[in-house]
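Asks: pasting the structure only:
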């Protein structure tokens, strides 16, 4: 009796371990934070990009139906790639596009906007990257769709045609 | 008198230095328990990525604002989820993780106990 239970138990245990690890092998090992939607936007103080005036987030997200917060930097290559989509979305009247200039050099950022055009209705500075953490972001570019002071959709990485279409659908 | 002044100023300096060191130590302790999301597998303390550097500044800021260690963890967990903590708290996602060693201990103990009892019976 004893000799029978032990091998069965062993095989059973090892097959479970094998299954768990085999499944784990196919998982991606890069973690992205779960996207909690419908959370309130953070409150923060920042400096306006051109005038360097201090503004509070309450003054930024007021008066429009939808906001698209885009975290960007001139040194970020994917930001250049997604720029045309932002230009496209800036034509939509019910969305205000807000830029958050992340850890950037002012002259480089200005040249970036001169060369590629400025899709933003307003830009504020995030020199030390702490405002990005308030948003729960961890890199550039990241984009947030905001309605009624709540985050509707969070996009990690550059925008693409499909995502722009989704945004347009959501803001109909 | 001069010696006394010297002593007092010395003690004061040491006191300032040590309290400053204490705050720095706490900051290091916190950032060592945070996982960098850019270079995963490294703590925020060890990492030099943009994200980690910002997080170090933020932890310092929050400590200056008067938040304690736990409040900072709660704040960051709220933004990034359990994954950011190397030492996750007890929740429905982690109860298996925390209870597994205890279960194994109890199970192993039961096996040993059974063996001992069986041996005693044989004797």
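Replies: Good, I have the coordinates. Everything quoted here is computed from the prediction, not taken from an experiment.

Asks: Next one, pLDDT for residue A:54 please.
Replies: We have a pLDDT of 94 for residue A:54.

Asks: OK, contacts around it?
Replies: A:45-48 (Cβ atoms under 8 Å, 6 or more residues apart in numbering or on different chains). The C-beta positions use only the backbone N, C-alpha and C, and glycine is treated the same way.

Asks: can you check residue A:64 too?
Replies: A:94-96.

Asks: Please repeat the previous calculation with a cut-off of 7 Å.
Replies: The contact partners of residue A:64, by Cβ atoms under 7 Å, 6 or more residues apart in numbering or on different chains, come to A:94, A:96.

Asks: Identify the residues contacting the residue of chain A found nearest chain B.
Replies: Residue of chain A nearest chain B, by Cβ to the nearest Cβ: residue A:129 (3.0 Å). By Cβ under 7 Å, 6+ apart, the contact set of residue A:129 is A:102-103, B:50, B:54.

Asks: Just the buried ones out of the contacts of residue A:54, please.
Replies: Using 16 or more other Cβ atoms under 10 Å in any protein chain shown as the burial test, these include A:46-47 as buried.

Asks: ok, the contacts of residue A:54 vs residue A:154, which is closest?
Replies: residue A:46 (19.3 Å; Cβ to Cβ).

Asks: For that closest one, what are phi and psi?
Replies: Note on residue A:46: backbone dihedrals following degrees, to the nearest 10 are phi -150, psi 170.

Asks: tell me, what residue is most central in chain A?
Replies: Central residue of chain A (Cα atoms, centre = their mean): residue A:142, 2.7 Å from the mean position.

Asks: Tell me the bridge partners for that residue.
Replies: When assigned by DSSP bridges, residue A:142 has beta-bridge partners residue A:71, residue A:156.

Asks: any idea how far it lies from residue B:35?
Replies: As defined by Cβ to Cβ, to the nearest Å, residue A:142 lies at a distance of 19 Å from residue B:35.

Asks: repeat for residue B:10
Replies: Applying Cβ to Cβ to residue B:10 and residue B:35 gives a distance of 41 Å.

Asks: Comparing those two, which residue is more hemmed in?
Replies: residue B:35 (19 against 10; other Cβ atoms under 10 Å in any protein chain shown).

Asks: Next up, the contacts around the more buried one.
Replies: Contacts of residue B:35 by Cβ under 7 Å, 6+ apart are B:43, B:83-84, B:86.

Asks: 8 Å instead?
Replies: Residues in contact with residue B:35 (Cβ under 8 Å, 6+ apart) are B:42-44, B:83-86.

Asks: so who does the residue nearest to residue A:102 when sequence neighbours are not counted touch?
Replies: Nearest residue to residue A:102, sequence neighbours excluded (Cβ to Cβ, 6 or more residues apart in numbering or on different chains): residue A:73, at 4.6 Å. Residue A:73 makes contacts with A:79, A:101-104, A:109, A:140, as judged by Cβ under 8 Å, 6+ apart.

Asks: Return the member of the residues you listed nearest to residue A:18.
Replies: Looking across the contacts of residue A:73 and measuring by Cβ to Cβ, the closest to residue A:18 is residue A:140, at 40.6 Å.
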